[in-house]
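S.K.: Give me coordinates for this.
(one chain, ligands or ions: 2)
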Amino acid sequence: MAIISSGGTAAPAPRGQRSGAAPERLVDPTAAVEEPPVREDGLRPRRLDDYIGQSELKQVLRIAVEATRRRQEALDHVLLYGPPGLGKTTMALVLAEELGVRCRITSAPALERPRDIVGLLVNLQPREVLFIDEIHRLNRVAEEILYPAMEDFRLDLTVGKGTTARTRSLEVAPFTLVGATTRAGSLSSPLRDRFGLIQRLEFYGQGDLEAIVVRAAGLLQLALQPCAAQEVARRCRGTPRIANRLLRRVRDVAAVGGHGRIDAALVEEALSLHRVDGRGLDASDRRLLSLMMEAYGGGPVGLETLAAGLGEDPATLEAVVEPYLLQLGFLQRTPRGRIVTPAGRAHLDGASAVAA
Ligand SMILES: Nc1ncnc2c1ncn2[C@@H]1O[C@H](COP(=O)(O)OP(=O)(O)OP(=O)(O)O)[C@@H](O)[C@H]1O
Ligand SMILES: [Mg+2]
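M.R.: Residues are numbered from 1 along each chain as shown. Ligands and ions are numbered 1, 2, ... in the order given. Alright, predicted model coming up:
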């Protein structure tokens, strides 16, 4: 399978792709780029059988792929949504591999001008996959070009200007659009309705995460004991991208310390160096919980107040810091503001007891 990336215009770098720079937070799921020589691509599963977890998603797609292969048709358009780092891009590549076709990769911010998207569409070969990342960021013009292309494999182009303007129809090869977004709610409904398969990716459970860590350790040629895999899995916030990143930090400590075999104690040592605790909370998470406990007696307290207290942007706090704390049940949203739950208090007490 050939992968062709379309850079396009001088669009802003896609979310998380801060080239070369290390993520500000080790547990930031949006920071995608890893340091050379082992890049994220190296750990991506290539086939459905290697793609761990997400069993419902895999089952739906396996059937759809098999059926379209028999009919020799293009697979229906697929929308993948869910939090960052759970495997949306990976799944788009896996689909193309399973279909035996090329995957063209682009992202909505690179499709600023009509000709960017038209250029991609007219160059598609039958049954190819066009992957558009961050599809909720498509502009209206690009969306309207996509509608007939998705529905009837046709482009309606306006040629000329003013009174001499005419509409011309152009055929495009039957193709599969795979769209990915972390914000399905921001997608316009006409666009959403044109996807035949709409699938949500879920956070991974402990067992699947352990399998992901073991697989990645194998690819990185690390001798990781099962207890060490469990420990990384417990701290990666249900997210394969973070699991892989934590594993690399553990690998660094193992290499520097000359440890051939990696056990749970070494994982603990490596990750506490980065202040990632036993449940995957980092300093930002603990700072939020501590502020809520110490200054507001555990809440309820409003998002804006917390953001001001932490010197953070409220939107970042809501989108990046809160979700995992909510998912763990350490934090709750109520109509009167955020509160720290008893589990959150217990975790914080435990963490400060360890630190003391
Ligand atoms: N099911 C899986 N099995 C094994 N590894 C996985 C799986 N899903 C994701 N990964 C690993 O996690 C990394 C991140 O996945 P991916 O880039 O596909 O996430 P994403 O959902 O596209 O994130 P974003 O929303 O930031 O674009 C991949 O490089 C891959 O190594
Ligand atoms: Mg992606």
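
S.K.: and this structure, which residues reach ligand 1?
M.R.: Applying CB under 6 Å from any ligand atom, one finds that the chain approaches ligand 1 through 16, 30, 32, 40, 43-45, 51-54, 84-90, 133, 180, 182, 212, 240-241, 244. (Each C-beta comes from the backbone N, C-alpha and C, glycine too.)

S.K.: Where does the prediction get shaky in the chain?
M.R.: Counting by pLDDT under 70, the chain has low-confidence residues at 1-24, 31-41, 351-356.

S.K.: Where does it get nearest to ligand 2, residue-wise?
M.R.: Residue of the chain nearest ligand 2, by CB to the ion: T89 (3.2 Å).

S.K.: for R275, phi and psi?
M.R.: Backbone geometry at R275, expressed as degrees, to the nearest 10, gives phi 60, psi 30.

S.K.: and it, how many residues sit next to it?
M.R.: Number of residues near R275 (other CB atoms under 10 Å) recorded here: 16.

S.K.: Now do the contacts for it.
M.R.: Counting by CB atoms under 8 Å, 6 or more residues apart in numbering, R275 touches D282, A283.

S.K.: Now do it against H259, distance only.
M.R.: For R275, the distance to H259 equals 21 Å [CB to CB, to the nearest Å].

S.K.: try E304
M.R.: E304 is 46 Å from H259, where distance means CB to CB.

S.K.: okay, these two: which has more neighbours?
M.R.: H259 (17 against 11).

S.K.: right, and that one touches L266 too?
M.R.: Yes. H259 is within contact range of L266, at 5.8 Å (criterion: CB atoms under 8 Å).

S.K.: ok but E231 is inside a strand, no?
M.R.: No. According to DSSP: H, G, I helix; E, B strand; the rest coil, E231 belongs to no strand; its state is helix.

S.K.: correct me, but it touches V267?
M.R.: Yes. In this structure, E231 is within contact of V267 by CB under 8 Å, at 4.2 Å.

S.K.: Would you mind telling me which of those two has the busier surroundings?
M.R.: V267 (29 against 26).

S.K.: Spell out the secondary structure type for that one.
M.R.: Using three-state DSSP, the structure places V267 in helix.

S.K.: And D277, how far from E268?
M.R.: Distance, D277 to E268, by CB to CB: 10 Å.

S.K.: Pull up the pairing partners for the helix or strand hosting R333, direction included.
M.R.: Following DSSP states H and E, the helix or strand that holds R333 is strand 331-334. In the sheet, strand 331-334 lines up against strand 337-340 (antiparallel) (DSSP bridges).

S.K.: can you list contacts of the partner strand?
M.R.: Residues from elsewhere that reach strand 337-340 (CB under 8 Å, 6+ apart): 289, 292-293, 298-303, 305-306, 322, 330-332, 348.

S.K.: could you redo the last one with a cut-off of 6 Å?
M.R.: L289, M292, M293, G298, G299, P300, V301, G302, L331, Q332 (CB atoms under 6 Å, 6 or more residues apart in numbering).

S.K.: could you flag which of those residues are buried?
M.R.: If you count burial by 16 or more other CB atoms under 10 Å, the buried members of the contacts of strand 337-340 come out as L289, M292, M293, G298, G299, P300, V301, L331, Q332.

S.K.: need the contact list for the first one.
M.R.: The contact partners of L289, taken as CB under 6 Å, 6+ apart, are V340, G344, L348.

S.K.: buried sites along stretch 269-280?
M.R.: Under 16+ other CB under 10 Å, the buried positions of stretch 269-280 are A270, L271, H274, R275, V276, D277, R279, G280.

S.K.: and the two most separated of the residues you listed?
M.R.: Spatial extent of the buried residues of stretch 269-280 (CB to CB) is set by the pair A270 and R279 at 16.1 Å.

S.K.: How about V253, nearest residue that isn't a chain neighbour?
M.R.: Leaving out its chain neighbours, the residue that sits closest to V253 by CB to CB, 6 or more residues apart in numbering is A270, at 3.8 Å.
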